[in-house]
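Q: Let me see the structure of the following:
(one chain, ligands or ions: 1)
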Amino acid sequence: MKRRNKLALVAGISAMALSLAACSSDDETPATDTGTDDTAVATEDCNVGIAMPTRSLERWINDGEGLKSRLEADGCTVDLQYADNETDQQISQLQNMIANGSNVLVIAAIDGTTLGPVLETAGDAGATVIAYDRLILESPNVDYYATFDNYSVGTLQGEFIEAELGLADGEGPYNFEPFAGSPDDNNARFFFAGAWDVLSQYVDSGQLVVPSGKAPATVDDWQSIGILGWGSDDAQAEMDNRLASFYAGGEKVDVVLSPNDSLAQGISQSLQLAGYTADDFPILTGQDGDKASVANILNGVQSMTVWKDTRLLGERVEAMVLSILAGEEPEVNDTTTYDNGIKVVPSYLITPEVVTADTVESKLIDSGFLKAEDVGL
Ligand code: BGC
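A: Next comes the predicted model:
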């Protein structure tokens, strides 16, 4: 590329990165930028590999495709890959991306601890690594982290349960079944810690009783109740077991802590098959705003979801990529929380929010995140 063109390119990217950062500084504002900005810059220097965990969960399809189209509209070449939740597959996809000259890698890790060697290759090749949504652990070759405030996802779930049951007013006892996310996902620890820091006092006081005994002794033991791979079927099987073993005498479940929607869908199915209906359905939390869960919320067989507007995350990562290519430091808003075991990774955290049946329309439909017909409205 000629020097003059290159300078124009960098100036274009830089201006765009700044305007993106400015327009997305308010986390509450639904993203309206579709990435089709006509200031788009064509560049042979922008070669981005996006590694997503799986197509089996709705959110990752939206995340991957949304980010790809944003970056392509900026003139970047994008290689988007999904890895069927298989770590080895994700590693070989990353090796290919590096071999094909990706200069920025955006990675939603399957197992946060297994990418060290491939990221060393990435570092040697001069690629910048952005951990997407999930932190990559035990590697120095992680440059930035863009995510939602994972601890506050859990806090919102815990506070929802606390308020719905009147726990702060001394109400109870209630039968309570807690679940946690995949033990290999660093986010799952934050989700559980956020919820447990609100709820464990009520387990201690006896206001929340856990008939299955599946309450970790401390927050650090969360993996003992984790559902590996975040599968709905596994969550359903676990809830089936708890119901058969601990509720066979007619006891009722009052409340279930589920860290996300894929687990909540399996748990809801199990409860419905056991005879619970919208009239006596336990409180059941979730996260992501998946279509199936939002439909369940409207039908009274899930209580809430913590909504993470993945368009905002896409917008943020797009801004990071463009800043990096312009030779600037991407904007971050947290430089203390996310220690990956080797270093604290500079992070940008976006604020999540609660959605219930009353706010599905105003938050999810009106903002264009979901279509009314997707959720039976
Ligand atoms: C994400 C959640 C998602 C879960 C399962 C987590 O790392 O933050 O949004 O529900 O993975 O895919």
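
Q: which residues in the stretch 51-200 of the chain form helices?
A: Ranges of helices in the stretch 51-200 of the chain, per DSSP state H, counting those that start in this stretch, are 58-73, 87-99, 116-124, 150-165, 186-204.

Q: among those, which is nearest the ligand?
A: When those are compared by CB to the nearest ligand atom, helix 186-204 sits nearest the ligand, at 3.9 Å. For the C-beta atoms, the positions are set from N, CA and C on the backbone; glycine is no exception.

Q: how about the closest one: buried residues?
A: By 16 or more other CB atoms under 10 Å, the buried positions in helix 186-204 come out as 186-196, 198-200, 202-203.

Q: Need the contact partners of that helix.
A: 112, 133-135, 137, 147, 150-159, 161-162, 167, 172, 176, 178, 180-182, 208-210, 215-216, 219, 222, 226, 257, 259-260, 285, 287 (CB atoms under 8 Å, 6 or more residues apart in numbering).

Q: Drop the exposed ones from the residues you listed and show what's left.
A: Among the contacts of helix 186-204, the ones that count as buried by 16+ other CB under 10 Å are 112, 133-135, 137, 147, 150-159, 161-162, 167, 172, 176, 178, 180-182, 208, 210, 215-216, 222, 226, 257, 259-260, 285, 287.

Q: My guess is residue 305 contacts residue 297. True?
A: Yes - at 6.5 Å, residue 305 counts as touching residue 297 under the criterion of CB atoms under 8 Å.

Q: neighbour count winner among these two?
A: Using other CB atoms under 10 Å as the criterion, residue 305 and residue 297 rank with residue 305 on top: 30 against 27.

Q: so what's the residue lying closest to that one once chain neighbours are set aside up against?
A: Nearest non-adjacent residue to residue 305, counting by CB to CB, 6 or more residues apart in numbering: residue 286, 4.2 Å away. Contacts of residue 286 were listed using CB under 8 Å, 6+ apart, and they are 258, 260, 261, 263, 264, 293, 297, 302, 304, 305, 306.

Q: Over to stretch 360-369 now: how far is its first residue from its last?
A: With CA to CA, to the nearest Å as the measure, stretch 360-369 spans 10 Å from end to end.

Q: Contacts made by that stretch with the rest, please.
A: 30, 289, 294, 297-298, 307, 309, 311, 353, 355, 370-372, 375, 377.

Q: which of the residues you listed count as buried?
A: For these, a burial check counting by 16+ other CB under 10 Å picks out 289, 294, 297, 307, 309, 311, 353, 355, 370, 375.

Q: Show me which pair in the residues you listed is furthest apart.
A: 297 and 311 (20.3 Å; CB to CB).

Q: which residue sits closest to the residue of the stretch 251-377 of the chain found nearest the ligand, ignoring its sequence neighbours?
A: At 3.6 Å from the ligand, residue 260 is the closest residue in the stretch 251-377 of the chain, using CB to the nearest ligand atom. Leaving aside its sequence neighbours, residue 260 sits nearest to residue 287 (CB to CB, 6+ apart; 4.2 Å).

Q: just checking, the one you found touches residue 150?
A: No - in this structure residue 287 lies outside contact range of residue 150 using CB under 8 Å: 9.7 Å.

Q: can you give me phi and psi for the residue lying closest to residue 343 once chain neighbours are set aside?
A: Using CB to CB, 6+ apart and skipping residues adjacent in sequence, the residue nearest residue 343 is residue 140, 6.1 Å away. Per-residue torsions, residue 140: phi -80, psi -10 (degrees, to the nearest 10).

Q: Quick one: residues contacting residue 257.
A: 157, 158, 161, 176, 177, 178, 179, 195, 199, 285.

Q: how close does the first one get to residue 197?
A: Just to be clear, that refers to residue 157. Residue 157 sits 11 Å away from residue 197, going by CB to CB, to the nearest Å.

Q: ditto for residue 233
A: 30 Å.

Q: cool, and residue 82?
A: 34 Å.

Q: do residue 129 as well
A: Taken as CB to CB, the span from residue 129 to residue 197 is 30 Å.

Q: try residue 294
A: Where residue 197 is concerned, residue 294 sits at a distance of 27 Å (CB to CB).

Q: which non-adjacent residue is nearest residue 53?
A: In space, residue 53 is closest to residue 110, 4.7 Å off (CB to CB, 6+ apart).

Q: for residue 304, same thing?
A: Using CB to CB, 6+ apart, the closest residue to residue 304 is residue 356 (4.9 Å).

Q: got the contact list for the one you found?
A: 297, 303, 304.

Q: Please flag which of the residues you listed sit within helices.
A: residue 297 (DSSP state H).

Q: Provide the partner residues of residue 305 in its beta bridges.
A: residue 355 (DSSP bridges).

Q: list the contacts for it?
A: Residue 305 makes contact with 261, 264, 285-290, 293-294, 297, 354-355 under the criterion CB under 8 Å, 6+ apart.

Q: Which pLDDT value belongs to the nearest residue to residue 62 once chain neighbours are set aside?
A: Nearest non-adjacent residue to residue 62, counting by CB to CB, 6+ apart: residue 310, 5.3 Å away. pLDDT recorded at residue 310 is 95.
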